[in-house]
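A.B. asks: model the following, please.
(one chain, ligands or ions: 2)
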Amino acid sequence: MNSFIPEKYEKMYLMRPAPGAIFVSELQTKRSLKREIIKILGVVVLSFLAGMPSLHAQEIWPGDVNNNGIVNNIDVLYWALAKDASGPARAEVSSEWTAQPIGELWGQVFPDGLNFAYADCNGDGAVTDDDLAVITANYRLSHGLVAPDEYFLGNAGEDPVLKIQAADPLTESGAEEEVLLSLGEEGDSIYNFFGIAFVVKFDTEYIKDSPGSSNQNFSFAFTPDSWIDGQGTQMAKEFLFVDDENGVAEMAIYRKNAADPVPSGAGAVGKFTIVMEDIIVGLVELNTDSIRLIDNQLESVKIAPSNTGLAEDSLLVDSREAMPEKDEVLVYPNPAGDLITIELKSAAADARIQKVSLFTMSGQLIDSLNASRPAAKAMASLNGLPQGLYLLKIETDRGIFLRKAVKMPR
Ligand SMILES: [Ca+2]
Ligand SMILES: [Ca+2]
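C.D. replies: Ligands and ions are numbered 1, 2, ... in the order given. From the prediction side, this is the model:
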């Protein structure tokens, strides 16, 4: 027998049933040994992992309320469920990101069995807004092995949709864009809503960074009649963590008092106010994802994510080009009948209209007119279009302009 096989494995090797073929090369022998070692190591690692949860149960990482190894918006939901509860304080009152001995367990547990002590992030014996501040301070920090949070994503058409929609698809550089958030629509009913955690992904190129760690350029407010907010009675609150660099906003919306009756309903929730970096039409790639909606028993309801924005590349306007003043482009009459005139008013001598495209407000191209001869003035036909609001994309040799036009009823 080869001397490189340790005694421990030698037996295993010898007892191995002989393969059909008699000729086994030394190389094959080495390989099968390697496989055995890997198998054994695998079992050792697995049994170690299986022991992990019990190790975790002995300590608290301040902010990781659901004790899965990472601090995020799901922890905000758990914190909200335990809010206003009290129990034994920890020996050491600290919110530092190190393992804190759990001390005495609390009398209350979450519906999934986890002890309320985890919601007391700072260890002072009460679950308050101070503990939410610890979640914020330790946000995205992780420890040990992270067990990824579970999300409950549904399908549009079957489940209520978490929808974000630009209130006005036209926006300009530095402008505040309103984006409406709704949860389900007429005909849907979400029962016993307690909270929802989700992620909004946005295109960093078009949304302005907030200074420092503020959410100044990406903020949220409930709409006055929001069903989640108790029709404007301020029974809900939001938590928002914006990562400008990666284009991710992590959000949680929760009922302020766990003891309050929970609402059932669907529809408008609130609105985001986003400051735009560039001039765009529509919000390119603004998605909702990683959704978990819970009722007050921590039961999850499937919610479908949404992908908003017109994603019409042709509609993107490059603001880095020199932009003439707004009043240099006139669109009249507005409201218009069958014909609308586009005029470059005080433009320099070289300013000429090259192309005019007409879009619906949802970004669908209706028609594109190339100027037969570039001129400072052009007319576009609105003949045959239903009354309403349209977008004109005016391409000139001085840059691209977007204007709204109203078609009058006939
Ligand atoms: Ca967690
Ligand atoms: Ca506390």
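
A.B. asks: and Tyr290, what helix or strand is that in?
C.D. replies: Quick fix: residue 290 is Ser, not Tyr. strand 286-295 (DSSP states H and E).

A.B. asks: next, see if that strand gets close to ligand 1.
C.D. replies: No: Strand 286-295 stays clear of ligand 1 (C-beta under 5 Å from the ion), getting no nearer than 11.7 Å. For the C-beta atoms, the positions are set from N, CA and C on the backbone; glycine is no exception.

A.B. asks: could you report the pLDDT at Val242?
C.D. replies: Confidence at Val242, expressed as pLDDT, is 90.

A.B. asks: could you pull up the residues touching it?
C.D. replies: 210, 215, 218, 248-250 (C-beta atoms under 8 Å, 6 or more residues apart in numbering).

A.B. asks: highest neighbour count among those residues?
C.D. replies: Neighbour counts for the contacts of Val242 (other C-beta atoms under 10 Å) peak at Ala249, which has 25 neighbours.

A.B. asks: which one is it nearest to, not counting chain neighbours?
C.D. replies: Val200 (4.3 Å; C-beta to C-beta, 6 or more residues apart in numbering).

A.B. asks: now that neighbour: how far from Leu162?
C.D. replies: Look at Val200 and Leu162: by C-beta to C-beta, to the nearest Å, they are 9 Å apart.

A.B. asks: find the residues that touch each one of those two.
C.D. replies: Thr288.

A.B. asks: point out where the stretch 251-400 of the chain drops to low pLDDT.
C.D. replies: 277-285, 308-327, 346-350, 372 (pLDDT under 70).

A.B. asks: list the contacts for whichever residue of it sits closest to ligand 2?
C.D. replies: Residue of the stretch 251-400 of the chain nearest ligand 2, by C-beta to the ion: Ala258 (14.9 Å). By C-beta under 8 Å, 6+ apart, Ala258 lies in contact with 80-84, 194, 296.

A.B. asks: strands paired with the helix or strand hosting the residue nearest to Ala249, and their directions?
C.D. replies: Following DSSP H and E, one finds Val200 within strand 193-201. Paired with strand 193-201 in the same sheet, following DSSP bridges, are strand 248-255 (antiparallel), strand 286-295 (antiparallel).

A.B. asks: could you list the domains of this structure?
C.D. replies: 7-50, 162-315, 326-407 (automatic domain parsing).

A.B. asks: contacts only, for Ile303.
C.D. replies: Counted by C-beta under 8 Å, 6+ apart, Ile303 has contacts 152-154, 159-162, 183, 196, 198, 291, 293.

A.B. asks: list only buried entries from those.
C.D. replies: 153-154, 159-162, 183, 196, 198, 291, 293 (16 or more other C-beta atoms under 10 Å).

A.B. asks: is it possible to get CSV of the residues you listed that adds distance to Tyr332?
C.D. replies: Shown next, in CSV, are the buried ones among the contacts of Ile303 (distance: C-beta to C-beta, whole Å):
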residue, distance to Tyr332
Leu153, 48
Gly154, 48
Asp159, 47
Pro160, 44
Val161, 40
Leu162, 41
Leu183, 42
Ile196, 46
Phe198, 44
Ile291, 46
Leu293, 49
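
A.B. asks: so which of these comes closest to ligand 2?
C.D. replies: Closest to ligand 2, out of all of these and judged by C-beta to the ion, is Ile196, at 23.6 Å.

A.B. asks: which ones are touching that closest one?
C.D. replies: So Ile196 contacts 77, 162, 183, 252-254, 291-294, 303 (C-beta under 8 Å, 6+ apart).

A.B. asks: what does Ala221 give?
C.D. replies: 270-271, 273.

A.B. asks: what of Asp64?
C.D. replies: With C-beta under 8 Å, 6+ apart, Asp64 has these contacts: 70-71, 75, 118, 138, 143.

A.B. asks: tell me which element it is part of?
C.D. replies: Using DSSP H and E, Asp64 falls outside every helix and strand.

A.B. asks: what's the distance between it and Trp227?
C.D. replies: 31 Å.

A.B. asks: same question for Thr128.
C.D. replies: 27 Å.

A.B. asks: same deal with Lys404?
C.D. replies: With C-beta to C-beta as the criterion, Lys404 and Trp227 are 32 Å apart.

A.B. asks: compare the two (neighbour count), which wins?
C.D. replies: Trp227 (20 against 13).

A.B. asks: so what does that one look like in phi/psi?
C.D. replies: phi -70, psi -30 (degrees, to the nearest 10).

A.B. asks: ditto for Phe116
C.D. replies: Dihedral angles for Phe116 - degrees, to the nearest 10 - are phi -60, psi -20.

A.B. asks: could you do the one 5 residues further on as well?
C.D. replies: Cys121 adopts backbone torsions of phi -60, psi -40, taken as degrees, to the nearest 10.

A.B. asks: just the strands in the stretch 151-300 of the chain please.
C.D. replies: 162-166, 176-183, 193-201, 218-222, 236-243, 248-255, 267-275, 286-295, 300-301 (DSSP state E, counting those that start in this stretch).

A.B. asks: can I get those in a markdown table including distance to Gly123?
C.D. replies: Output for these, formatted as a markdown table (distance: least, C-beta to C-beta, whole Å):
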| stretch | distance to Gly123 |
| --- | --- |
| strand 162-166 | 35 |
| strand 176-183 | 35 |
| strand 193-201 | 24 |
| strand 218-222 | 30 |
| strand 236-243 | 21 |
| strand 248-255 | 22 |
| strand 267-275 | 33 |
| strand 286-295 | 25 |
| strand 300-301 | 29 |
